[in-house]
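Asks: quick check, what structure comes out for this input:
(one chain, ligands or ions: 1)
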Amino acid sequence: MPDTSPRPLEAQPCQSVCVWQPTGETWPGPDGGLRVFDCLGCGSEWVRTEAWTPIDAGGAVPQAVAQERARER
Ligand SMILES: [Zn+2]
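Replies: As a prediction, the model looks like this:
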């Protein structure tokens, strides 16, 4: 897909304090766009076109992240 990212994502090493949440920001993209998530713990950011998947401190993929991932084709 074409690179429509308006800016680089923050990428920090995630630690045991990671808590992911949607930022409310949406980037232009297919199927209604790319929801942007960020981590309250380390400040990393994620959209579903990234090769990796965020995991909370508990070791689980946050439900909102899983739902966004499921939209990917
Ligand atoms: Zn983190």
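
Asks: tell me where the longest strand sits in the protein.
Replies: The single longest strand within the chain, with elements called by DSSP state E, is strand 20-27.

Asks: now do the following helix or strand past that strand: everything it contacts.
Replies: Downstream of strand 20-27, the next assigned helix or strand under DSSP states H and E is strand 34-39. Contacts with strand 34-39, where a contact means CB atoms under 8 Å, 6 or more residues apart in numbering, come from 4, 10, 12, 14, 18-23, 25-28, 44-49, 54, 62, 64-65, 68. Any C-beta I mention is one placed from the backbone N, CA and C, and that applies to glycine too.

Asks: what do you get for stretch 60-73?
Replies: Outside stretch 60-73, the residues that reach it (CB under 8 Å, 6+ apart) are 20-22, 31, 35, 37, 46, 48-49, 53-56.

Asks: what residues sit buried inside stretch 40-53?
Replies: 41, 42, 44, 45, 46, 47, 48 (16 or more other CB atoms under 10 Å).

Asks: quick one: mean pLDDT over it.
Replies: Per-residue pLDDT values over stretch 40-53 give a mean of 93.
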